[in-house]
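Undergrad: Just a sequence and a predicted model for now, questions to come.
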Amino acid sequence: MEDYRKSLRPGKIIYPILLGLGVAFWMLYSNFKPEAFSFFRWTWQAALWMFVALLMMGMRDIAYAFRLRTLTDGSFSLRRSFQVIMLWEFSSAISPSVVGGTGPAIFFLYKEGLNSGKSTAVVLTSIFLDEAFFILMVPILYLIFGTRVFPAEGLPFATGVKHMLFIGYTVILVYTLLLAYTLFFKPSFFKWLLSFIFLIPFLRKWRMRARKLSNQLIITAHQLKGKTPAYWIKASVATVLSWTGRYWVVNFMFMAFFFEKLSFSDHLLVYARQLTMWIILLVTPTPGGSGVAEFIFTDFLGDLIPNLAWAVPLALLWRLISYYPYLFIGAIILPGWLKKVYKKPPVYKVIE
């Protein structure tokens, strides 16, 4: 099992923070308007809805912890699952979104006592459920709203973002279908496919990594045999609740500052736009989508904000609630967790 201690240094939080704040302040400076912060009126109503927005992040993390407990077949308590989720989110927040926190997540589970096969199965099943949520929900919301799920025409970079969205969705769709076929029908298929693809001369240097991934998928497929419908239902419901909790943060932010401006249909559209927005964030090269998230917030949600000048401060507030806390929580938890797991003697008897 690879040791990820060097890649998980708490000091790495400085880079995504500087990148995200840098882009936000640059956007404020280059397009500054006096009314940029005029939406901010701290009334009892604003305080209430901002509190609910924070609760949505709590709902997201509790749902993820419940899913992890389900995927480990009850081996982890909710408290232990929650700690692992915080470490997992931290590793994702300091890693490029396109890379994610897969490797460190397997490492966390292994050091918590799961064997390497079970750790791999839990992480890859989590990824599969997340990707399946995206590829199923996007067409449903497209049937409801049509082209309105895309950024509004006329806003900066809207056309380019739309093209990125199509590319991102296609990549996720193909990957998820291949993953599903491998996990549930023919485990050896992905190994054959990757072996064939990585015979191409300029890809050969990554052949060992591809072989490792294919072996992990075969292990996961064997681990998933015989899982009951209840297992999949509980894991799927937790997945929907976790992502919905994340998306509703923006809805309740908007309710805090311009409640009367948005209809129920507008709020559902805010949800739909965030779903498509996150497809782009999943394939961005920056840590946790820093810089990109703040930048495309205006493109996706600008036409739903009463004053476009408010978009950048709202984007910054959104990231302060939904992203930056994981950097600091993870940086606080990680040193103590590493000290705990490396104090233990080598694990010979592991949780099956």
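TA: Received the coordinates, thanks. Since the structure is predicted, the reported quantities are computational estimates derived from the model, not experimental observations. Numbers count the residues shown, from 1 in each chain.

Undergrad: sec struct for the closest residue to Val84 other than its chain neighbours, please.
TA: Residue nearest to Val84 in three dimensions, not counting chain neighbours: Phe108, with 5.3 Å by CB to CB, 6 or more residues apart in numbering. The C-beta positions use only the backbone N, C-alpha and C, and glycine is treated the same way. What DSSP: H, G, I helix; E, B strand; the rest coil gives for Phe108 is helix.

Undergrad: got a pLDDT number for the most centrally placed residue in the chain?
TA: Most central in the chain under CA atoms, centre = their mean is Leu282, positioned 7.0 Å from the mean C-alpha point. What the model reports for Leu282 is a pLDDT of 75.

Undergrad: Quick check: the residue nearest to Val84 touching Ile85?
TA: No. Using CB atoms under 8 Å, Phe108 makes no contact with Ile85, being 9.4 Å away.

Undergrad: Looking at those two, which is more packed in?
TA: Using other CB atoms under 10 Å as the criterion, Phe108 and Ile85 rank with Phe108 on top: 26 against 23.

Undergrad: Kindly provide the distance from that one to Leu281.
TA: Taking CB to CB, to the nearest Å as the measure, Phe108 falls 22 Å from Leu281.

Undergrad: again, but for Arg79
TA: 29 Å.

Undergrad: Comparing those two, which residue is more hemmed in?
TA: Counting neighbours by other CB under 10 Å for Arg79 and for Leu281 shows that Leu281 has the greater number, 18 against 9.

Undergrad: Surely that one touches Val292?
TA: Yes. The criterion here is CB under 8 Å, and Leu281 meets it with Val292 at 6.5 Å.

Undergrad: For Leu54, see how far away the closest residue to Pro287 other than its chain neighbours is.
TA: Excluding the flanking residues, the one nearest Pro287 by CB to CB, 6+ apart is Pro16, at 4.0 Å. Distance of Pro16 to Leu54, given as CB to CB: 21 Å.

Undergrad: neighbour count winner among these two?
TA: Ranked by neighbour count (other CB under 10 Å), Pro16 and Leu54 place Pro16 first, with 24 against 15.

Undergrad: Which helix or which strand is home to that one?
TA: helix 14-30 (DSSP states H and E).

Undergrad: Need the contact partners of that helix.
TA: For helix 14-30, the external contacting residues (CB atoms under 8 Å, 6 or more residues apart in numbering) are 36, 93-94, 286-288, 290-291, 293-295, 298, 312-313, 315-316, 319, 323-324, 327.

Undergrad: quick one: low-confidence parts of the stretch 51-200 of the chain?
TA: Within the stretch 51-200 of the chain, the stretches with pLDDT under 70 are 97-101, 153-159, 190, 194, 196, 198-199.

Undergrad: if you set the cut-off to 80 instead, what comes out?
TA: Residue ranges of the stretch 51-200 of the chain with pLDDT under 80: 95-103, 116, 151-162, 164, 187-200.

Undergrad: How about the stretch 201-350 of the chain?
TA: Low-confidence segments of the stretch 201-350 of the chain, defined by pLDDT under 80: 201-217, 259-260, 280, 282-291, 295, 308, 342-350.

Undergrad: just the helices in it please.
TA: Using DSSP state H, counting those that start in this stretch, the helices found in the stretch 201-350 of the chain span residues 207-224, 229-258, 264-281, 292-301, 311-322, 324-343.

Undergrad: Including distance to Phe66, could those helices go into JSON lines?
TA: Formatted as JSON lines, the helices of the stretch 201-350 of the chain follow (distance: least, CB to CB, whole Å):
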{"stretch": "helix 207-224", "distance to Phe66": "19"}
{"stretch": "helix 229-258", "distance to Phe66": "5"}
{"stretch": "helix 264-281", "distance to Phe66": "21"}
{"stretch": "helix 292-301", "distance to Phe66": "26"}
{"stretch": "helix 311-322", "distance to Phe66": "19"}
{"stretch": "helix 324-343", "distance to Phe66": "18"}
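
Undergrad: Could you pull out the helices in the stretch 1-150 of the chain for me?
TA: 14-30, 44-71, 78-93, 102-111, 116-145.

Undergrad: I'd like the ones you listed laid out as CSV, including distance to Val174.
TA: Formatted as CSV, these follow (distance: least, CB to CB, whole Å):
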stretch, distance to Val174
helix 14-30, 28
helix 44-71, 24
helix 78-93, 22
helix 102-111, 18
helix 116-145, 10
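
Undergrad: Which one of these lies nearest to Lys343?
TA: Closest of the helices of the stretch 1-150 of the chain to Lys343 is helix 102-111, at 11.2 Å (criterion: CB to CB).

Undergrad: Pull out the buried positions in the closest one.
TA: Neighbour-count burial for helix 102-111, with 16 or more other CB atoms under 10 Å as criterion, is recorded at Thr102, Pro104, Ala105, Ile106, Phe107, Phe108, Leu109, Tyr110, Lys111.

Undergrad: now stretch 114-124
TA: Going by neighbour count (16+ other CB under 10 Å), the buried part of stretch 114-124 is Leu114, Asn115, Gly117, Lys118, Ser119, Thr120, Ala121, Val122, Val123, Leu124.

Undergrad: Can I get those residues in a markdown table including distance to Phe166?
TA: Output for the buried residues of stretch 114-124, formatted as a markdown table (distance: CB to CB, whole Å):
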| residue | distance to Phe166 |
| --- | --- |
| Leu114 | 38 |
| Asn115 | 40 |
| Gly117 | 36 |
| Lys118 | 37 |
| Ser119 | 34 |
| Thr120 | 31 |
| Ala121 | 32 |
| Val122 | 31 |
| Val123 | 28 |
| Leu124 | 26 |
